[in-house]
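Participant: Next input, structure requested:
(2 chains)
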Amino acid sequence: MKRLRYFIGLLGIVATLAAVLFLPVPSIVSWQSVYLGKIFFILVLCGVLCLWRLFLGPTPSDRAAALDILGILIIGFCAILGIPTGRDWYIDIAIAWALQSFISILALGKYLEGRRFDE
Amino acid sequence: MNEVIGTIFIAIGLAFDFFGCLGLLRFPDIYNRLHSSIKCVTMGTTSILFGLFIFKGFTPAGVKALLCIAFLLLTAPVSAHVLARSAHKSGVKLWGGSICDKYEEDKKAE
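Facilitator: Residues are numbered from 1 along each chain as shown, chains lettered A, B, ... in the order given. You can find the predicted model right below:
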């Protein structure tokens, strides 16, 4: 029964990815926006998986890890968004997000460990 | 040619991101989850940023992408180590199938 559940879940994931990546779309929009839509679908799917772990997570450390990975996904999102628009300031947002994500994870780790902030 | 190579790097990064997040959702334990999900940083997002660098060349945006890669490669292992250490110190139990726990032995020996 457990194997059957795993198999159904795997089949669902593979079918979703194959449908998004390989099915032809109507040629109303340009090919670049089709390509971008496929990329952003995968990134948003990863974000939804992280949010689900953030919602489930039995311990606070799980939630902190999921939040860290969500920030990392947003850095990738900003980096990809810089290519089709041709605007260079998206990568500035990515660098700033990396900096503040690192600092906030350090502070969260220190708090979860049970130490004071001014040690 | 640059666009093809950059697209291949971005596709590799997206695959690593997806499987890392799948591991974050499916693994049984915080330590296993960290082991899986840091692959999102060191291969996933780094590969996406390297694809951006190949697209842009040595323009200011491309050099900023290289800078961001260096920063991520320096800080992601540190943040994973901090999270695992704080989880262990705050008393999160290991998964039942884990073999050994060296950090606990070290803490008892002190």
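
Participant: pLDDT score for residue 42?
Facilitator: All of this refers to chain A. Note for residue A:42: predicted pLDDT of 88.

Participant: um, chain B though
Facilitator: Residue B:42 carries a pLDDT value of 89.

Participant: Tell me how many other residues crowd residue B:92.
Facilitator: The criterion is other C-beta atoms under 10 Å in any protein chain shown. On that basis, residue B:92 has 18 neighbouring residues. Just so you know, the C-beta spots here come from the backbone N, C-alpha and C atoms, and that holds for glycine as well.

Participant: hang on, I meant residue A:83
Facilitator: 21.

Participant: Mind telling me what element it is part of?
Facilitator: Applying DSSP states H and E as the criterion places residue A:83 in helix A:60-85.

Participant: For the very next helix or strand once past that helix, name the packing helices and strands.
Facilitator: Scanning forward in sequence from helix A:60-85 by DSSP H and E, the next helix or strand is helix A:89-113. Helix A:89-113 is packed against helix A:60-85, helix B:60-89, with contacts defined by 3 or more C-beta pairs under 8 Å, 6 or more residues apart in numbering or on different chains; DSSP states H and E.

Participant: What is the burial count for residue B:7?
Facilitator: Using other C-beta under 10 Å, residue B:7 has 16 neighbouring residues.

Participant: Let me fix that, I meant to ask about residue B:58.
Facilitator: 9.

Participant: Can you classify it by secondary structure?
Facilitator: coil (DSSP: H, G, I helix; E, B strand; the rest coil).

Participant: quick one: it and chain A, what's the gap?
Facilitator: Taking C-beta to the nearest C-beta, to the nearest Å as the measure, residue B:58 falls 13 Å from chain A.

Participant: what do you get for residue B:56?
Facilitator: Counting by C-beta to the nearest C-beta - residue B:56 and chain A are separated by 8 Å.

Participant: re earlier: CSV please, covering the helices and strands packed on helix A:89-113 and showing distance to residue B:14 and mean pLDDT.
Facilitator: As requested, those are arranged in CSV below (distance: least, C-beta to C-beta, whole Å; pLDDT from 0 to 100):
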stretch, distance to residue B:14, mean pLDDT
helix A:60-85, 8, 88
helix B:60-89, 16, 90
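
Participant: if we can go back for a sec, who are the packing partners of the helix holding residue A:83?
Facilitator: helix A:31-56, helix A:89-113, helix B:2-26, helix B:30-37, helix B:46-56, helix B:60-89.

Participant: for the ones you listed, which one ends up most surrounded?
Facilitator: helix B:46-56 (a mean of 24; mean count of other C-beta atoms under 10 Å in any protein chain shown).

Participant: Using neighbour counts, pick out the buried residues of stretch A:77-91.
Facilitator: By 16 or more other C-beta atoms under 10 Å in any protein chain shown, the buried positions in stretch A:77-91 come out as A:77, A:78, A:79, A:80, A:81, A:82, A:83, A:90, A:91.

Participant: so the fifth one touches residue A:90, yeah?
Facilitator: It stands for residue A:81. Yes: under the criterion of C-beta atoms under 8 Å, residue A:81 makes contact with residue A:90 at 5.0 Å.
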